[in-house]
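[1] Fold the following.
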Amino acid sequence: MNRIYLDNAATTPLDSVVLEAMMPYLTTNFGNPSSIYSYGRESRLAIENARKFVAKTLNAHPAEIFFTSGGTESSNTAITAAVRDLGCKHIISSSIEHHATLHTVEHLHHTGEAALSYVKLLPNGHVDMEDLERLLAESSEKSLVTLMHANNEVGNMLDIFAVGELCKLYGAIFHSDTVQTVGHFPFDLRNTPVHFITGAGHKFHGPKGVGILYINENVKITPFVHGGSQERNMRAGTENLYGIVGFAKALELASADHEKDSAYIKSLKVYMMEQLKKHIKGVAFNGDPLGRSLYTVLSVSFPKTEKSEMILFNLDINNICASGGSACTSGADAGSHVIRAINNNPNQVTVRFSFSKHNTQQEIDAVVAKLQELI
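    Okay, the predicted model is just below:
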């Protein structure tokens, strides 16, 4: 049996067109972008063209786009800068953020640099907007609100405009971890009330180890990494040249085919929900899968039995890749902090299936049939 890959929220296969765009910079055009001779200038040009393209696609200004090693570095940079440079002494976040955000805000709280509040969640996993407004209104200090655009485990999506408007009203800084949505949804950053957003190339068929941080032009922060003048003095270190070229190419492909791809991927998600409901007794779905939700992610809870407890292991043996909650913690299976926060039912076992344009209905049929056997 061929491998069935349904863990695209963890990472996606590199598109062959993206690899092709990267190849010259892995071979002949290897100049250091900081060197002044023509070899270096060609590399520098490639980076600046990528920046312009990314900015245009997200409707931002090129000066607002910074290339990083990925979403984790981008979120660390934004959150730390909001506290140290922008005077935010109170952080408002949620218990279901990615660890790149959670561990950063916990660290700043432990060092005594900022107070920390968690906004309440509604039973379906969405942020309680009334509670968010209460936290902002009651804060005597300037606040940083850091809430993800789409949850990587259950797929719930934030109303980024509503949150941004609330932040504006209370003079708060707004950072959104948009790693699951850049490359999957159109962005219009000129008309979105947000100060920082993040992206990672490997979530939309680009290379791993490259990402972006958008910093709104009205915000001035100091560098997080020191030792060079790269990225307009914002991030020292020789740029990941081929990664940056690959990121821009992957974003170009994702944007060009967005309508077709998103409709197709959403149809796979809905089809899998229907098939699971039809064939497996007691199956349940986490979050708001048919409402405000990521079309790429489906979080499924199965009744806990002796057989289903080993479900991920058995799927793996059968060449099916999925994850238990979040991929970032699957090595030491401590369970998922997201699932615990939204659906703390000890009699259920949760599996996240996440889709891409390469998946097929036949694959889903095969997985559902295998799940029937395993449960």
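
[2] count of neighbours near Phe302?
    22 (other CB atoms under 10 Å). Heads up, the C-betas are built off the backbone N, CA and C, glycines and all.

[3] Pull out the buried residues from stretch 362-375.
    For stretch 362-375, burial by neighbour count (16 or more other CB atoms under 10 Å) applies to Glu363, Ile364, Ala366, Val367, Val368, Lys370, Leu371, Leu374, Ile375.

[4] Wait, the second one touches Tyr271, no?
    Yes: the pair Ile364 and Tyr271 qualifies as a contact (CB atoms under 8 Å) at a distance of 6.0 Å.

[5] Please spell out which residues along the helix ranked longest in the chain are buried.
    When the chain is parsed with DSSP state H, its longest helix is helix 258-279. For helix 258-279, burial by neighbour count (16+ other CB under 10 Å) applies to Asp261, Ser262, Tyr264, Ile265, Lys266, Leu268, Lys269, Met272, Met273, Gln275, Leu276.

[6] any idea how far it is from the chain center?
    Relative to the centre of its chain, helix 258-279 is centred 20 Å away, using CA atoms, centre = their mean, to the nearest Å.

[7] Skip ahead from that helix and say which helix or strand is next.
    strand 284-285 (DSSP states H and E).

[8] Sheet partners, orientation included, of whatever helix or strand comes next after that following strand?
    Sequence-wise, the next helix or strand downstream of strand 284-285 (DSSP H and E) is strand 297-303. Strands that pair with strand 297-303, judged by DSSP bridges, come out as strand 284-285 (antiparallel), strand 348-354 (antiparallel).

[9] Which segments of this protein make up each domain?
    Domains of the chain are assigned by automatic domain parsing as 4-12+258-374, 16-256.

[10] And the last one, how far out from the chain middle?
    Going back to what we said before, that points to domain 16-256. Counting by CA atoms, centre = their mean, domain 16-256 is centred 10 Å from the centre of its parent chain.

[11] The first one now?
    If you compare the mean C-alpha spot of domain 4-12+258-374 with that of the full chain, they lie 17 Å apart, counting by CA atoms, centre = their mean.

[12] Surely Thr238 and Ser34 touch.
    Yes: between Thr238 and Ser34 there is a contact under CB under 8 Å: 6.9 Å.

[13] Please enumerate the shared neighbours of those two.
    Gly228, Gln230 (CB atoms under 8 Å, 6 or more residues apart in numbering).

[14] contacting residues around the closest residue to Asn240 other than its chain neighbours?
    Spatial nearest neighbour of Asn240, chain neighbours left out: Val210 (5.2 Å); criterion: CB to CB, 6 or more residues apart in numbering. Listed by CB under 8 Å, 6+ apart, the contact partners of Val210 are Phe67, Thr68, Ser69, Gly70, Ala200, Gly201, His202, Asn240, Gly243, Ile244, Gly246, Phe247.

[15] quick one: Val210 from Tyr39, how far?
    Computed with CB to CB, to the nearest Å, the distance linking Val210 and Tyr39 is 21 Å.

[16] swap in Ser299?
    Ser299 sits 48 Å away from Tyr39, going by CB to CB.

[17] Who has more neighbours out of the two?
    For the pair Ser299 and Tyr39, the greater number of neighbours falls to Ser299 (29 against 15), based on other CB under 10 Å.

[18] Surely the more buried one touches Gln348?
    No: in this structure, Ser299 is not within contact of Gln348 by CB under 8 Å, at 10.8 Å.

[19] ok, back up a step: for the contacts of Val210, give me JSON lines that also has secondary structure and distance to Ala172.
    Below are these laid out as JSON lines (DSSP: H, G, I helix; E, B strand; the rest coil; distance: CB to CB, whole Å):
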{"residue": "Phe67", "secondary structure": "strand", "distance to Ala172": "27"}
{"residue": "Thr68", "secondary structure": "strand", "distance to Ala172": "23"}
{"residue": "Ser69", "secondary structure": "coil", "distance to Ala172": "27"}
{"residue": "Gly70", "secondary structure": "coil", "distance to Ala172": "26"}
{"residue": "Ala200", "secondary structure": "strand", "distance to Ala172": "25"}
{"residue": "Gly201", "secondary structure": "helix", "distance to Ala172": "29"}
{"residue": "His202", "secondary structure": "helix", "distance to Ala172": "31"}
{"residue": "Asn240", "secondary structure": "coil", "distance to Ala172": "32"}
{"residue": "Gly243", "secondary structure": "helix", "distance to Ala172": "33"}
{"residue": "Ile244", "secondary structure": "helix", "distance to Ala172": "31"}
{"residue": "Gly246", "secondary structure": "helix", "distance to Ala172": "35"}
{"residue": "Phe247", "secondary structure": "helix", "distance to Ala172": "29"}
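
[20] possible to save the residues you listed as TSV with distance to Met310, neighbour count and pLDDT?
    Converted to TSV, the contacts of Val210 look like this (distance: CB to CB, whole Å; neighbours: other CB atoms under 10 Å; pLDDT from 0 to 100):
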residue	distance to Met310	neighbour count	pLDDT
Phe67	42	26	98
Thr68	38	27	98
Ser69	35	17	98
Gly70	32	24	98
Ala200	31	29	98
Gly201	34	31	98
His202	29	25	98
Asn240	39	21	97
Gly243	37	23	98
Ile244	42	29	98
Gly246	37	30	98
Phe247	38	32	98
